[in-house]
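K.L.:
Attaching a predicted model along with its sequence, questions to come.
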Amino acid sequence: MLWTFTVVVLGMGGEPMHFSPRATCGFSSCPRWLRPRASCSSWEPRSRAQRIPMQLLILLLLYAVVCANFCSRQGTTAPAQSGSIKALRSSNIRRDESNHLTDLYRKEETISVAGNGCIHSPRFPSSYPRNLLLTWRLHSPESTRIQLTFDNQFGLEEPENEICRYDFVEVEDLSETSTVIRGRWCGHKEVPPRITSRTNQIKITFKSDDYFVAKPGFKICYSLVGVSYPSPSVTDPTLTAEALDQTIAAFDTVEDLLKHFNPDSWQEDLENLYTDSGHHYRGRSYHDRKSKVDLDRLNDDVKRYSCTPRNYSVNLREELKLTNVVFFPRCLLVQRCGGNCGCGTSNWKSCTCVSGKTVKKYHEVLKFVPEAGHPRRKGRTRNNMALVDIQLDHHERCDCVCSSRPPR
């Protein structure tokens, strides 16, 4: 790059001298105190004092050239340095992402459960930190069990494809021979159910990755549950399938049925009813199976719709027992009781679905009366037909009537 400088220096007489690198001798004009016939190329100062401004002029020129070169190099090297910094940061980010599991803060705590207590994620109910792997091991006396209850303010990072991959809390049953995962939960749409350990040891694990989410975390309160053992002197009689079937028939809901069989643990049995014990890993979505299989609704549908009024088509001549007339339309739809009764009981075949309430409804139809003893004549049919109202029985309610003895 070419640089052009014009340096102005004051001469001995106070006259400015202009120096340009493109001039032959370095001056664009000669000062007035030079000899008139002297050329610029042969000019020299008359005294030693006049050589001092000339030396300063050369030093200023060299300084200006050095500064210009330095500034130009700074301008060209700055983007390259900035690019190298960005590349270094990106490489650091990639390295952090590949090794983020090794950067987790790990802590394990053992708790002897002698009463009630709670554990929670750090900063609960504020947003929990990143890169955590926390473990709590709860132990209770041999004759007790540990019950866990989640706080309603539960919220972790959302699952991916209904699987808790990133942030989650996990509960495991521990024994000397096996470890069974009771569940893994994340998200915020549903609070995990209450859990009672199957042994006197239980493990709770909380993990968060390097992605920050503004969620409250979790809080779990634990308590002791006693184990009741049956007395050796008291034995339950053998329950046959027929007797069990009669017992089940007396209940309308699963909750009432479980309360009858297990008064102490019916709630836990109800919560674990829809879990698949054959798999060690179960995602959070398995709780939604309650809405997919509603046993109470299925049982109620049987009782409500097995013996109910339903559509039947009846022939009007047969229904009204008239043989000398013809109707159009020939058939009509009516509500009549149908279905079976007593499903699941031993004498269900002896029950009959009958009408509990019958009403008569009017229907307007076209009635034809053929003439007896006369041949059919064209044009006389009009006198033998008319719109008439007829009454038909409709069943509004149906009841099951069972005889005391089953039919032979």
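P.N.:
Done, it's in.

K.L.:
Contact partners for Asp296?
P.N.:
Contacts for Asp296 (C-beta atoms under 8 Å, 6 or more residues apart in numbering) come out as Asp252, Thr253, Val254. Using the backbone N, CA and C atoms, a C-beta is placed for each residue, glycine as well.

K.L.:
ok, how many other residues are close to Thr253?
P.N.:
13 (other C-beta atoms under 10 Å).

K.L.:
Cys186 now?
P.N.:
When neighbours are counted by other C-beta under 10 Å, Cys186 comes out with 26.

K.L.:
Next, find the distance separating it from Pro370.
P.N.:
The spacing between Cys186 and Pro370, counted by C-beta to C-beta, to the nearest Å, is 80 Å.

K.L.:
and the contacts of Asp296 as CSV, adding distance to Asn131?
P.N.:
Listed next are the contacts of Asp296 as CSV, based on distance: C-beta to C-beta, whole Å:
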residue, distance to Asn131
Asp252, 51
Thr253, 46
Val254, 43
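
K.L.:
which among those residues gets closest to Thr308?
P.N.:
Nearest to Thr308 out of those is Asp252 (C-beta to C-beta; 17.4 Å).

K.L.:
Might you report the residue contacts of the nearest residue to Pro216 once chain neighbours are set aside?
P.N.:
Leaving aside its chain neighbours, Pro216 sits nearest to Pro125 (4.0 Å; criterion: C-beta to C-beta, 6 or more residues apart in numbering). For Pro125, the contacting residues are Gln153, Pro216, Gly217, Lys219, by C-beta under 8 Å, 6+ apart.

K.L.:
Does Thr135 touch Lys207 like I think?
P.N.:
No - look at Thr135 against Lys207 with C-beta atoms under 8 Å: they stay out of range, at 9.4 Å.

K.L.:
For the two, indicate the residue with more neighbours.
P.N.:
Lys207 (22 against 16).

K.L.:
Mind telling me what element the more buried one is part of?
P.N.:
strand 201-208 (DSSP states H and E).

K.L.:
Give the rounded mean pLDDT of stretch 176-186.
P.N.:
In this model, stretch 176-186 has an average pLDDT of 88.

K.L.:
Now the nearest residue to Glu142 once chain neighbours are set aside, what are its backbone angles?
P.N.:
The shortest distance from Glu142 to any non-neighbouring residue, by C-beta to C-beta, 6+ apart, is to Asn200 (5.8 Å). Per-residue torsions, Asn200: phi -90, psi 20 (degrees, to the nearest 10).

K.L.:
and Asn200, what does it touch?
P.N.:
Applying C-beta under 8 Å, 6+ apart, the residues contacting Asn200 are His139, Ser140, Pro141, Glu142, Thr144, Arg145, Ile146.

K.L.:
how about the strands in the stretch 51-200 of the chain?
P.N.:
Applying DSSP state E, counting those that start in this stretch to the stretch 51-200 of the chain gives strands spanning 105-112, 117-120, 132-139, 144-150, 168-174, 179-185, 195-196.

K.L.:
do the same with the stretch 301-408 of the chain
P.N.:
So, for the stretch 301-408 of the chain - with DSSP E, counting those that start in this stretch - the strands run 308-315, 326-328, 331-338, 351-368, 385-402.

K.L.:
Where does the prediction get shaky in the stretch 301-408 of the chain?
P.N.:
342, 344-349, 372-383, 404-408 (pLDDT under 70).

K.L.:
can you rerun that using 50?
P.N.:
406-408 (pLDDT under 50).

K.L.:
Touching, Gln267 and Arg194? I think so.
P.N.:
Yes - the criterion here is C-beta under 8 Å, and Gln267 meets it with Arg194 at 7.1 Å.

K.L.:
And Phe251, how far from Pro263?
P.N.:
14 Å.

K.L.:
Have a look at those two and say which one is more surrounded.
P.N.:
Phe251 (16 against 8).

K.L.:
residues contacting that one?
P.N.:
Leu257, His260.

K.L.:
Roughly how far does it sit from Asn262?
P.N.:
Taken as C-beta to C-beta, the span from Phe251 to Asn262 is 13 Å.

K.L.:
Nearest residue to Leu174 in space, please, no chain neighbours.
P.N.:
Gln201 (4.0 Å).

K.L.:
Is the one you found bridged to anything, and to what?
P.N.:
His139 (DSSP bridges).

K.L.:
Can you spell out which residues form a bridge with the closest residue to His394 other than its chain neighbours?
P.N.:
The shortest distance from His394 to any non-neighbouring residue, by C-beta to C-beta, 6+ apart, is to Gln335 (4.5 Å). Gln335 has these beta-bridge partners by DSSP bridges: Asn311.

K.L.:
Could I get the contacting residues of Gln335?
P.N.:
Pro309, Arg310, Asn311, Tyr312, His394, His395, Glu396 are the contacts of Gln335 under C-beta under 8 Å, 6+ apart.

K.L.:
Are any of these buried, and if so which?
P.N.:
Applying a neighbour-count criterion of 16 or more other C-beta atoms under 10 Å, the buried members of these are Pro309, His394, His395.

K.L.:
Of the contacts of Gln335, just say which sits nearest to Glu160.
P.N.:
For these, the nearest to Glu160 is Arg310 (48.0 Å; C-beta to C-beta).

K.L.:
pretty sure the closest one contacts Leu333?
P.N.:
No - taking C-beta under 8 Å as the definition, Arg310 is not a contact partner of Leu333, at 10.1 Å.

K.L.:
Spit out the residues that contact these two alike.
P.N.:
By C-beta under 8 Å, 6+ apart, no residue touches both Arg310 and Leu333.

K.L.:
which ones among the contacts of Asp296 are found in helices?
P.N.:
Val254 (DSSP state H).

K.L.:
List the buried residues of stretch 249-259.
P.N.:
Phe251, Val254, Leu257, Leu258, Lys259.

K.L.:
could those go into CSV alongside distance to Tyr63 and pLDDT?
P.N.:
Listed next are these as CSV, based on distance: C-beta to C-beta, whole Å; pLDDT from 0 to 100:
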residue, distance to Tyr63, pLDDT
Phe251, 104, 76
Val254, 96, 82
Leu257, 101, 82
Leu258, 97, 82
Lys259, 99, 79
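
K.L.:
For those, give me JSON lines that also has distance to Asp300.
P.N.:
Listed next are the buried residues of stretch 249-259 as JSON lines, based on distance: C-beta to C-beta, whole Å:
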{"residue": "Phe251", "distance to Asp300": "12"}
{"residue": "Val254", "distance to Asp300": "11"}
{"residue": "Leu257", "distance to Asp300": "14"}
{"residue": "Leu258", "distance to Asp300": "17"}
{"residue": "Lys259", "distance to Asp300": "18"}
